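# What follows is a protein structure lacking sequence information:
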């Protein structure tokens, strides 16, 4: 049975076990609370590059009372070296693991890899090379599965999870951004929980703006593109978007990198074209094989 974090409860804990599942550009895992800090530290040790801390916490209650749904504040602390990242983990990591409301982790500025640990012990690693993490999970004796069952899959209207705030010596997660402000921690964005409820059918007929970054197998940036248009088809195989010139481009049907766009004008960096009030934004990092790269250069 999964060892849950201190401030999380689930209705059917016997259904949850440690395991990980490999996706196209991400790995999802149930991880025992006692292993999280060691895995975070190992991730940091494997990334000899500038890192940044990610902390997502619910917005203050007064602000959420004025909103139509729950808002989360996303904080970043940029430009950490490995030693600094490990120091942060040593200082507040145990606090974050016990708290039931936050999601936290680290990401690499160069590799664009990211590790996050959130509610109900779900760990996510975003990477263009998920297969390379088999050894990482084996190091912590976490088995692979073809169908991971997380706590979220066990909830229903009558059986819900419970996440609460952890407090120690009068301190809570809301004291962390202030404590690290002098080191450069800042509020990067506010995210609505509605952003997590996008479905494929929501996209049909809507304007989608896509940012595509192409990399070599050695993680060297080749080029960045921005494309936009109207979604004509969205199913489990692909998302089809018609540009204003009538050409179609397709995207994977994975919606994890898709979010609702804020109202306003978006300028395409490559052409200077302005896209007015798109409905959705999506970003993708794409690894190009040497053969494809040679063909594109011809």
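Looks like it came in fine. Note that the structure is a prediction, hence the values are computed from the model and not measured.

# Would you mind finding the longest helix in this protein?
Counting residues, the longest helix found in the chain (DSSP state H) is helix 82-98.

# Which neighbouring elements make contact with that helix?
Contacts defined by 3 or more Cβ pairs under 8 Å, 6 or more residues apart in numbering; DSSP states H and E place helix 82-98 against helix 36-45, strand 51-58, helix 176-179. C-beta here means a position set from N, CA and C on the backbone, and glycine is covered the same way.

# In the stretch 51-200 of the chain, mark out all the strands, start to finish.
Assigned by DSSP state E, counting those that start in this stretch, the stretch 51-200 of the chain shows strands spanning 51-58, 71-80, 103-108, 114-117, 122-126, 162-163, 186-192.

# is it possible to export those strands to TSV including mean pLDDT?
Below are the strands of the stretch 51-200 of the chain laid out as TSV (pLDDT from 0 to 100):
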stretch	mean pLDDT
strand 51-58	94
strand 71-80	90
strand 103-108	95
strand 114-117	96
strand 122-126	95
strand 162-163	92
strand 186-192	80
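
# tell me how far the ends of stretch 42-57 are from each other?
24 Å (Cα to Cα, to the nearest Å).

# what about that stretch, distance to the chain center?
Centre-to-centre, stretch 42-57 and its host chain are 13 Å apart (Cα atoms, centre = their mean, to the nearest Å).

# What of stretch 153-160?
Relative to the chain's own centre, stretch 153-160 is displaced by 23 Å; criterion: Cα atoms, centre = their mean.

# Residues contacting it, please?
By Cβ atoms under 8 Å, 6 or more residues apart in numbering, the surrounding residues in contact with stretch 153-160 are 10-12, 15-16, 161.

# Taking those residues, tell me the two that lie furthest apart.
Based on Cβ to Cβ, the longest span within these runs between 15 and 161 and measures 12.1 Å.

# circling back to that earlier point, output the contacts of stretch 153-160 in TSV; the columns should cover neighbour count, pLDDT and distance to residue 187.
Below are these laid out as TSV (neighbours: other Cβ atoms under 10 Å; pLDDT from 0 to 100; distance: Cβ to Cβ, whole Å):
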residue	neighbour count	pLDDT	distance to residue 187
10	23	93	30
11	14	91	34
12	13	91	36
15	14	92	37
16	21	95	33
161	17	90	27
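
# rewinding a little: ok, which of the strands of the stretch 51-200 of the chain comes nearest residue 141?
Nearest of the strands of the stretch 51-200 of the chain (Cβ to Cβ): strand 122-126, 14.4 Å.

# And the closest one, what's buried?
For strand 122-126, a neighbour-count test (16 or more other Cβ atoms under 10 Å) marks 122-126 as buried.

# Stretch 111-122 too?
The neighbour-count check on stretch 111-122 (16+ other Cβ under 10 Å) flags 111, 113-122 as buried.

# try stretch 207-225
207-212, 214-215, 219.

# Would you mind measuring the gap between the ends of it?
17 Å.

# now what about it, what contacts it?
Under Cβ under 8 Å, 6+ apart, the answer for stretch 207-225 is 110-112, 128, 226-231, 239, 241, 249, 251, 261, 266, 269-270, 275, 277-290, 293.

# Which ChimeraX command selects the buried ones in those residues?
This is the ChimeraX syntax for the buried subset of these, where burial follows 16+ other Cβ under 10 Å:
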select :111,128,226,227,228,229,230,231,239,241,249,251,261,266,275,278,279,280,281,282,284,285,288
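
# quick revisit: ok, so of the contacts of stretch 153-160, who is nearest residue 88?
Once Cβ to Cβ is applied, the member of these that ends up nearest residue 88 is residue 161, at 27.5 Å.

# who's in contact with the closest one?
The neighbours of residue 161, taking Cβ under 8 Å, 6+ apart as the test, are 8-11, 119-120, 151-152, 155.
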